[in-house]
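**Student:** What shape does this take:
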Amino acid sequence: MDAETIYALTALDKVCLGGAVVMVAFSLVHGMSLLVASRPKPRLRKAPDRGGLRFVFLLPCLNEDRVIANSVNRLLSIPGDNYTIMVIDDASTDDTAAVVEALGDPRVRLYRRIHPDAQQGKGEALNAAVRFLAAGSLVDCDPDRTIVVIVDADGRLDPCAVDEVTPYFADPRVGAVQIGVRINNRVGSLLARMQDMEFVIFTEVFQRGRRHIGSVGLGGNGQFMRLSALEALGSSPWSRSLTEDLDMGVRLLARGWRIEYCHTAAVHQQGVTEVQRLVRQRSRWFQGHLQSIRLLRQVLRDVPGRAALDLAYHLTSPVLLLVASCLTLSFLVSVAAALAFLTAGQSPVGWWLLTTYGLSFGPALLYSTVVYWPRERAAGASLLRCCWWGHLYVLYGLMWYAAGWWAVARIARGQHGWAKTERAAEPSLTAGRAA
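**Tutor:** Numbering: from 1, shown residues only. Predicted coordinates:
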């Protein structure tokens, strides 16, 4: 049997191929459109002297004694005195509470949760802290001028972040601002490097581009939210979803609030350096994303125009990714067949291989050179190295297929709980050295 016979298309093949072409074309047009939209800088209102705002940093912690002292000390190094740091100890069994208490700074407050209310998830811990804050138990504050900032226990917030975010809140319609996310151990681990590329591409292309559509989302780290916007969502603004941040952002948009993305500041966090732990983490995110599909009706009903269409695409993207995994498997089988024909001295149909290479690796190469390289050039990364990382990034992305199907299997078995991602210990820092 020759190559032409093998590659002959049946009617069903043509239908599947047509569907695949439409899906790939839409994804490419969507991604390239957001890339173009992401390049202009935002025009912001003036907000001198931090606009009279007060910032309350919330750090949810469950067994974080390895990293919490450094994270708090870095926050204490932020210039100014218009902020309070609230560490939420969610019934830790290690020395998290003792480490925080030992810091001895009046700007740091420890909020302890105990059983049976504790350890119900990050969202529930944040809900309790915000209720405590809204009741005036922490600081006497105006909800419209109080900005709640979510920082993970291993988060390293840029010292300039507060000043960079403040102008966005000069618009009273802005309920939240998301800043960028970087991986701080990207130099020592190729897997961490891929995660850094993933965050930079998502935030600098998709989040930044969505500013012009009105569909910016929230991530779990580096969120700045107006207290009055949180109160508009009720006494429990965070849901019990595995991706409570995604839910939060969608519901804020549905309530008429604007969400902005600030590209001039970032929060730095640890990347996972083991493949198995990474797939487990992303499976949790994927499962939470599938849970958020229930918000689709609310989006189509309450979110206007282009933002609703973009959010609908974003919410259904896990399903599209599962479909794409089947297309990728089919492509790999075809590549194997083409190599077999080439080995046998026959000429495989090569045009589609070249086209598929361009479609598969082209966007990643464009993102890695136009978006990622400018961020890493000052650190010594060459354009050629970024091109190499772009190729690896495509292979890294296949990890999401494994994560996605693992999440589907968990849903089928009725499993919804997950163990938290463990942090690596860090060298100790003091507040004066933390910046």
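
**Student:** hey, where'd the strands end up in the chain?
**Tutor:** Assigned by DSSP state E, the strands in the chain fall at 54-61, 83-90, 108-113, 146-150, 156-157, 174-183, 223-226, 258-269.

**Student:** so for the longest one, what's the average pLDDT?
**Tutor:** For strand 258-269, the per-residue pLDDT values average out at 94.

**Student:** what pairs with it, and is each one parallel or antiparallel?
**Tutor:** strand 156-157 (antiparallel), strand 174-183 (parallel) (DSSP bridges).

**Student:** what's the average pLDDT for the longest one?
**Tutor:** Across strand 174-183, the average pLDDT comes to 95.

**Student:** okay if I get the strands of the chain as JSON lines plus mean neighbour count?
**Tutor:** In short, each C-beta sits where N, CA and C put it, glycine included. Formatted as JSON lines, these follow (neighbours: other C-beta atoms under 10 Å):
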{"stretch": "strand 54-61", "mean neighbour count": "23"}
{"stretch": "strand 83-90", "mean neighbour count": "24"}
{"stretch": "strand 108-113", "mean neighbour count": "18"}
{"stretch": "strand 146-150", "mean neighbour count": "25"}
{"stretch": "strand 156-157", "mean neighbour count": "23"}
{"stretch": "strand 174-183", "mean neighbour count": "24"}
{"stretch": "strand 223-226", "mean neighbour count": "26"}
{"stretch": "strand 258-269", "mean neighbour count": "22"}
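
**Student:** sorry, back to before: can you lay out the strands paired with strand 258-269 as a markdown table showing distance to residue 112?
**Tutor:** Below are the strands paired with strand 258-269 laid out as a markdown table (distance: least, C-beta to C-beta, whole Å):
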| stretch | distance to residue 112 |
| --- | --- |
| strand 156-157 | 23 |
| strand 174-183 | 27 |
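
**Student:** Residue 211: which of the strands of the chain is closest?
**Tutor:** Nearest of those to residue 211, taken as C-beta to C-beta: strand 258-269 at 5.5 Å.

**Student:** now the closest one against strand 146-150, angle please.
**Tutor:** 40 degrees (axes from the mean of the first three to the mean of the last three C-alpha atoms, to 10 degrees).

**Student:** Now render the strands of the chain as CSV, adding distance to residue 398.
**Tutor:** Below are the strands of the chain laid out as CSV (distance: least, C-beta to C-beta, whole Å):
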stretch, distance to residue 398
strand 54-61, 31
strand 83-90, 34
strand 108-113, 39
strand 146-150, 30
strand 156-157, 29
strand 174-183, 19
strand 223-226, 29
strand 258-269, 23
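
**Student:** right, and the ones you listed - which one's nearest residue 245?
**Tutor:** Comparing these by C-beta to C-beta, strand 223-226 comes nearest, at 6.8 Å.

**Student:** what is the mean pLDDT for the closest one?
**Tutor:** The model assigns strand 223-226 a mean pLDDT of 95.

**Student:** what do you get for stretch 405-417?
**Tutor:** Stretch 405-417 comes out at a mean pLDDT of 88.

**Student:** Now that stretch: buried residues?
**Tutor:** 406-408, 410 (16 or more other C-beta atoms under 10 Å).

**Student:** Quick check: residue 108 vs residue 55, distance?
**Tutor:** 14 Å (C-beta to C-beta, to the nearest Å).

**Student:** let me redo that: residue 81
**Tutor:** Residue 81 is 11 Å from residue 55, by C-beta to C-beta.

**Student:** what does residue 299 give?
**Tutor:** 30 Å.

**Student:** ok, the nearest residue to residue 120 once chain neighbours are set aside - contacts?
**Tutor:** Using C-beta to C-beta, 6 or more residues apart in numbering and skipping residues adjacent in sequence, the residue nearest residue 120 is residue 240, 7.6 Å away. Applying C-beta atoms under 8 Å, 6 or more residues apart in numbering to residue 240 gives the contacts 120-121, 123-124.

**Student:** ok, now with 7 Å
**Tutor:** By C-beta atoms under 7 Å, 6 or more residues apart in numbering, the residues touching residue 240 are 121, 123-124.

**Student:** now do residue 360
**Tutor:** When contacts are counted by C-beta under 7 Å, 6+ apart, residue 360 touches residue 394.

**Student:** Stretch 151-160: which residues count as buried?
**Tutor:** 151-159.

**Student:** From those, pick the one nearest residue 69.
**Tutor:** So of those, ranked by how close each gets to residue 69 (C-beta to C-beta), first place is residue 153, at 10.2 Å.

**Student:** Which among the strands of the chain is found nearest to residue 214?
**Tutor:** Nearest of those (C-beta to C-beta): strand 258-269, 7.0 Å.

**Student:** residues in contact with that closest one?
**Tutor:** 151-152, 154-158, 160-161, 164-165, 168, 171, 173-184, 203-204, 207-208, 211, 214, 216, 218, 221-222, 249, 252-253.

**Student:** most centrally placed residue in the chain?
**Tutor:** Residue closest to the average C-alpha location in the chain (C-alpha atoms, centre = their mean): residue 219, at 4.5 Å.

**Student:** Am I right that that one is in contact with residue 179?
**Tutor:** No - the criterion here is C-beta atoms under 7 Å, and residue 219 misses it with residue 179 at 8.9 Å.

**Student:** quick one on the thing from earlier: just so I know, which of the strands of the chain lies nearest residue 39?
**Tutor:** For the strands of the chain, proximity to residue 39 was assessed by C-beta to C-beta; strand 258-269 is nearest, at 10.5 Å.
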